[in-house]
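>>> the following comprises the amino acid sequence and a computationally predicted model.
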Amino acid sequence: MSRDFERQRQFTRRAVILGLGQAALTTVLLGRLYFLQIAEKEKYEVLSEENRISLRLIIPPRGVIKDRYGIPLAENRRNFRLQLIPEKVGSNNDTLTSLAKFLQLSDGELARIRSDIDKRKAFAPILIHNNLDWEQVAELELNNLDLPGANIEVGQTRHYPFEDVTAHVLGYVAPISETELSKNVYGDDPLVRSPELRVGKKGIEKNYESLLRGSAGSSQLEVNAYGRIIRELETDDGKPGTSLTMTLDIELQKMAMQLMHGQSGSAVVMNADSGEILVLASAPGFDPNKFNNGISVKDWEDLLSNAYTPLLNKAVSGLYAPGSTFKAVTALAALDSGLVDPNYHVYCDGQIDLGNAKFHCWKKGGHGTLDLTGAIRESCDVYFYDVAQKLGIDRIAETARGVGLGAATGIDIPGEKNGLIPDRRWKSQRFKAGWHKGETLVAGIGQGYILTTPLQLATMTAHIVNGGRRITPHLLLGDPNKDDGVDEATDSAKGEGDVADNSKGIKFSKKHLQFVVEAMNQVVNAPNGTAHGARISTPGMEMGGKTGTAQVRRISMAERATGVIKNENLPWKERDHALFIGFAPVDKPKYVAAVVIEHGGGGSAVAAPIARDLLREAQKRDPELAAKAAAIAKPA
């Protein structure tokens, strides 16, 4: 009996312990349920909604870019994209095989598509082909019943209607690279993570990326546990990118590219008072439309291997010795220094001696006796060798920097080069060597270490012809952040009285500036001027300017003795660069131009006619100047 009682007591104790354990577990469970369903109710409701609702970003339309007259230069076009939903195709490969024939898909493209199918869920659409043309769309739609799982979606793509004509100014858009993402190049905007986003990689597209991109929209989609879309709940289209108006005149830009067809070179036309750029052309160009969705390997290799370097924006990044166009700077330095006056004469017999070295004039036999005007008009090298000796390199360099050479102009596109204006200090730091007198002589005629960009040459010309006022070349017409259309960056600092202050704080006499302008007038309009053959004969539209021919090879004494080889008989890479700077009209200059044709030969024969045609057309397209010329031409 006592044994049975003991067993019953143990059983009861164990039952109590088990009951207490069950009660404790029930209490914990109820407490947890209370915590999840009552205390944390709002939190888990949000998480539940996030699992049920998928928030997707919508890429806004990119801002349109227009020329000064409202003609679209970069716009958005409908993009027909072919997608494939694998689950509707199943294991049958007939659809993919048919699409490969329709679209002539390469083995690499097919491998990419199959890889995407393996990686992604069966209901997720796979991109087959972008930018379908209308004929492809029509053929696919006609065969739609035989292509299960294939469907065409309509999006937007960037389009450049003028292709290579505006390529270097506008740049292009392309997908963001993994390197750019890792470096956070485009900031924290959630849009940059979208694989369909295209961002500016060059030119205006890059410089004004944040304005052109706009703000992302969003789409709320109801999805199931597998991520399949059930329905769309709400859509916000976002804010489209800001449209921009450029200072560019597309008709003049097209003309510049046509005039340089078959050449490697650049041309700039700019308003000398405001800095507005009407032409910024670099030839040859490239088709920026090919970069939207990834340029082909063949097209990329063709661009890289082209000897004319079509990817380089020569107008802002090409570096050239300015040649005789630099003589305008040397003349200004000579006048402003007081070491030379307009009546200073030099006899040119074709060469000048410096120690055992001989420095030759471009004209064999020489020019005879010339004053400063004559030396500019006929581009006498010996005269400027003599003047450069008197000035010294530091004074020449100071004047060159004062008119905008040797530093970036601040134009609103990336990639601008600084150029180079050497002096004693620079050579000492760069080469740990002293400056030689012979280097001063060649610098006086724009050779040696001096390097400039065509845009800098145009800016230099503007400094000279507008009375020394500081301008900043720019492509954006007005400020998109202001309603009044005024671009503060282009506000000119006007000089007062007889002395004009420029950006470097150097004071040039307006009388001396005007003297150089008049001498450049004679370069074109005097019968013995080097550019007389390229003059503008339309009354009221005459231009002034300065020719330049920059050597790219050394001419030996032996070659001079037997006769210097003509440019046309040399390999293309060994021919001289042809340069010209100009302005118009001569009585009150409004437009300036700079043209550089790589290995083009003589500036008067090759570069000057291009500048002439551009300056003449710019005046014809200017209502005020055209009316003035018409009034002059009208008989009394």
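Ah, there it is. Being a predicted model, the structure only gives us computed values, none of them experimental.

>>> tell me where the model's unsure across the stretch 401-550 of the chain.
479-506 (pLDDT under 70).

>>> please name the nearest non-neighbouring residue to residue 427.
Closest residue to residue 427 apart from its sequence neighbours, by Cβ to Cβ, 6 or more residues apart in numbering: residue 435 at 5.2 Å. Where C-beta positions appear, they are placed from N, C-alpha and C, glycine not excepted.

>>> give the contact list for that neighbour.
Contacts here follow Cβ atoms under 8 Å, 6 or more residues apart in numbering; on that basis residue 435 touches 393, 423, 424, 427, 428.

>>> what sits against the last one?
This points to residue 428. Neighbouring residues of residue 428 by Cβ under 8 Å, 6+ apart: 434, 435.

>>> what's the answer for the third one, then?
By Cβ under 8 Å, 6+ apart, the residues touching residue 424 are 393, 394, 434, 435.

>>> again, only this time at 10 Å
By Cβ atoms under 10 Å, 6 or more residues apart in numbering, the contact set of residue 424 is 392, 393, 394, 397, 434, 435, 439, 440.

>>> which secondary structure element contains residue 96?
helix 94-103 (DSSP states H and E).

>>> any idea which helix or strand comes after that helix?
Where DSSP H and E defines the elements, the next helix or strand beyond helix 94-103 is helix 107-119.

>>> if we can go back for a sec, next, the buried residues of the helix holding residue 96.
Using 16 or more other Cβ atoms under 10 Å as the test for burial, helix 94-103 gives 95, 96, 99, 100, 102, 103.

>>> dump those to CSV, plus pLDDT and distance to residue 532.
Formatted as CSV, the buried residues of helix 94-103 follow (pLDDT from 0 to 100; distance: Cβ to Cβ, whole Å):
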residue, pLDDT, distance to residue 532
95, 74, 71
96, 73, 69
99, 73, 65
100, 71, 64
102, 73, 62
103, 73, 59
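
>>> okay, the residues you listed in CSV with distance to residue 310 next?
Shown next, in CSV, are these (distance: Cβ to Cβ, whole Å):
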residue, distance to residue 310
95, 40
96, 37
99, 34
100, 33
102, 33
103, 28
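
>>> and which of these is nearest residue 245?
Using Cβ to Cβ, residue 103 is the member of the buried residues of helix 94-103 that sits closest to residue 245, with 38.3 Å.

>>> quickly note the distance from the closest one to residue 159.
From residue 103 across to residue 159, the span is 20 Å (Cβ to Cβ, to the nearest Å).

>>> can you pull out the strands in the stretch 151-300 of the chain?
Assigned by DSSP state E, counting those that start in this stretch, the strands in the stretch 151-300 of the chain fall at 173-174, 199-200, 217-223, 229-236, 244-245, 265-271, 277-283.

>>> re earlier: just the buried residues of the contacts of residue 424.
For the contacts of residue 424, a burial check counting by 16+ other Cβ under 10 Å picks out 392, 393, 397, 435, 439, 440.

>>> just to check, the first one is in contact with residue 330?
No: under the contact definition of Cβ atoms under 10 Å, residue 392 does not touch residue 330, with a separation of 11.5 Å.

>>> shared neighbours, these two?
Contact with both residue 392 and residue 330 is made by residues residue 443, according to Cβ under 10 Å, 6+ apart.

>>> and the one helix or strand residue 27 maps to, average pLDDT?
Using DSSP H and E, residue 27 sits in helix 2-34. Mean pLDDT, computed over helix 2-34, is 71.

>>> residue 578 falls within a helix, correct?
No: according to DSSP: H, G, I helix; E, B strand; the rest coil, residue 578 belongs to no helix; its state is strand.

>>> quick check: closest non-adjacent residue to it.
In space, residue 578 is closest to residue 600, 3.5 Å off (Cβ to Cβ, 6+ apart).

>>> sec struct for that neighbour, please.
With three-state DSSP as the criterion, residue 600 reads coil.

>>> ok, now which ones touch the residue nearest in space to the middle of the chain?
Taking Cα atoms, centre = their mean, the centroid of the chain lies closest to residue 203, which sits 2.8 Å from it. Contacts here follow Cβ under 10 Å, 6+ apart; on that basis residue 203 touches 65, 74, 166-172, 280, 288, 313, 316, 412-415, 475.

>>> now do 7 Å
Neighbouring residues of residue 203 by Cβ atoms under 7 Å, 6 or more residues apart in numbering: 168, 169, 170, 171, 413.

>>> now those residues in JSON lines, with neighbour count and distance to residue 614?
As requested, the contacts of residue 203 are arranged in JSON lines below (neighbours: other Cβ atoms under 10 Å; distance: Cβ to Cβ, whole Å):
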{"residue": "168", "neighbour count": "27", "distance to residue 614": "16"}
{"residue": "169", "neighbour count": "30", "distance to residue 614": "15"}
{"residue": "170", "neighbour count": "25", "distance to residue 614": "20"}
{"residue": "171", "neighbour count": "25", "distance to residue 614": "23"}
{"residue": "413", "neighbour count": "26", "distance to residue 614": "20"}
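
>>> of those, which belong to helices?
Among the contacts of residue 203, the ones falling in helices (DSSP state H) are 168, 169, 170.

>>> go ahead and confirm the first one touches residue 285.
Yep, that's residue 168 we're talking about. Yes: under the criterion of Cβ atoms under 7 Å, residue 168 makes contact with residue 285 at 6.2 Å.

>>> hmm, which two among the contacts of residue 424 are most spread apart?
Spanning the widest gap among those are 397 and 434, at 15.5 Å by Cβ to Cβ.

>>> tell me the domain boundaries of the chain?
With domains defined by automatic domain parsing, the chain comprises 2-39, 56-245, 250-291+312-478+499-633.

>>> ok, of the ones you listed, where does mean pLDDT dip lowest?
Per-stretch mean pLDDT for these is lowest at domain 2-39 (a mean of 70).

>>> let me see the contact set for the closest residue to residue 421 other than its chain neighbours.
Among residues not flanking residue 421 along the chain, residue 406 sits closest, at 3.3 Å (Cβ to Cβ, 6+ apart). Residues near residue 406 by Cβ under 7 Å, 6+ apart: 400, 418, 419, 420, 421.

>>> looking at this, the first one is in a helix?
What that stands for is residue 400. Yes: applying three-state DSSP, one finds residue 400 inside a helix.

>>> element containing residue 524?
helix 510-525.

>>> can you list the buried residues in that helix?
For helix 510-525, the neighbour count (16+ other Cβ under 10 Å) marks 512, 513, 515, 516, 517, 519, 520, 521, 522, 523, 524, 525 as buried.

>>> ok, stretch 615-622 next?
Buried residues in stretch 615-622, defined by neighbour count with 16+ other Cβ under 10 Å: 615, 616, 617, 618, 619, 622.

>>> residues making contact with that stretch?
In contact with stretch 615-622 (Cβ under 7 Å, 6+ apart) are residues 249, 252, 255, 269, 278, 536, 538, 541, 543, 582, 584-585, 591, 593, 625-626, 629.

>>> what subset of the residues you listed is buried?
Buried members of these, scored by 16+ other Cβ under 10 Å, are 249, 252, 255, 269, 278, 536, 538, 541, 543, 582, 584-585, 591, 593, 625, 629.

>>> can you put the contacts of residue 424 in a markdown table and add distance to residue 377?
Listed next are those as a markdown table, based on distance: Cβ to Cβ, whole Å:
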| residue | distance to residue 377 |
| --- | --- |
| 392 | 25 |
| 393 | 25 |
| 394 | 28 |
| 397 | 25 |
| 434 | 35 |
| 435 | 30 |
| 439 | 26 |
| 440 | 23 |
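
>>> from the residues you listed, which is closest to residue 133?
Of all the contacts of residue 424, residue 397 has the smallest distance to residue 133: 56.1 Å, by Cβ to Cβ.

>>> residues contacting residue 512?
332, 335, 336.

>>> kindly report the same for residue 287.
Counting by Cβ under 7 Å, 6+ apart, residue 287 has contacts 163, 164.

>>> equivalent analysis for the one 5 residues further on, please.
With Cβ under 7 Å, 6+ apart as the criterion, the residues that contact residue 292 are 157, 158, 173, 174, 198.
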